[in-house]
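sequence first, then the predicted structure, then my questions.
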Amino acid sequence: MLSNTIEIYTDGACSGNPGPGGYGIVMKYKDQRKEFSEGFTLTTNNRMELLSVILGLEKIKKMGCEVIVYSDSKYVLDSINLGWVYNWKKKGFKDKANVDLWKRFLLIDKKHDVKFVWVKGHASNKENNRCDELAVAASKSKNLITDEGYELICKK
C-alpha cells in the first residue's frame, strides 16, 4: 500500500433479506483508523453492501485521494469493476435494483482515484471480519433507522 492511500473496508449484513440490516466500515489512513456502522429496520444485504462503499467514500474530506476499497460483495464489485453500473446508467437503470444508491455512488465515484478489491468474506482478513461484526451488531441494535430508499421501493 502507498503511504498516502486511504484504505476502506466495507461490509453489509441483513437478517431475513429483506429484514433488519446494517453496514460496517473501517477506514485506515497512515496511523489513523476509524470505524462506522448503522442499522436499518428493513433493507436488503445488497443495499447494505453498496451503502457501506458509498458512505466510506463520502467520508473522505479531501478530493482526488488514492483509495482502495475492500469488499466481499461480488454484487457491488462486479457491478463496478466490470462496468455494469455505467451501462445501467446509459440505459436509465431500466429494471435494475437499488437505483437510488447506484446514482449516489456515481456522484462520488469519480471524485477520487479508487481501486476496488474483492476479499473473501468470513475468512482471514481481519478488517473485513471487523466490518462484518460492526454490520451485524448494527443490524441488531435498538436504534434502527428507516432505509428510505428501500421503503419507497416497497410502497410501489
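Cool, got the structure.

where do the helices of the protein begin and end?
45-58, 74-81, 84-90, 99-109, 126-139, 148-155 (DSSP state H).

quick one, what contacts the spatially closest residue to residue 132 that is not a sequence neighbour?
Distances taken as Cβ to Cβ, 6 or more residues apart in numbering put residue 11 closest to residue 132, at 4.8 Å, once the chain neighbours are dropped. C-betas here are computed from N, CA, C, even on glycine. Counting by Cβ atoms under 8 Å, 6 or more residues apart in numbering, residue 11 touches 23-24, 49, 52, 71-73, 121, 128, 131-132, 134-135.

hmm, try it at 7 Å
The contact partners of residue 11, by Cβ atoms under 7 Å, 6 or more residues apart in numbering, come to 23-24, 52, 72, 128, 131-132, 135.

swap in residue 140?
So residue 140 contacts nothing (Cβ under 7 Å, 6+ apart).

just to revisit the earlier point, can you tell me which of the contacts of residue 11 is nearest residue 112?
residue 52 (15.9 Å; Cβ to Cβ).

what about the closest one, how many neighbours?
31 (other Cβ atoms under 10 Å).

test my guess that it contacts residue 12.
Yes - with contact defined as Cβ atoms under 7 Å, residue 52 and residue 12 form a contacting pair (5.4 Å).

identify the contacts common to the two.
With Cβ under 7 Å, 6+ apart as the test, residue 52 and residue 12 both reach residue 23.

that older thread, beta partners of the residue nearest to residue 132?
residue 24 (DSSP bridges).

quick check: chain neighbours aside, which residue is closest to residue 66?
residue 5 (4.5 Å).

pLDDT score assigned to the one you found?
Residue 5 is assigned 96 on the pLDDT scale.

picking that back up, can you redo the contacts of residue 11 as TSV with pLDDT and distance to residue 78?
Converted to TSV, these look like this (pLDDT from 0 to 100; distance: Cβ to Cβ, whole Å):
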residue	pLDDT	distance to residue 78
23	98	19
24	98	21
52	98	16
72	96	12
128	94	17
131	97	19
132	97	20
135	98	20
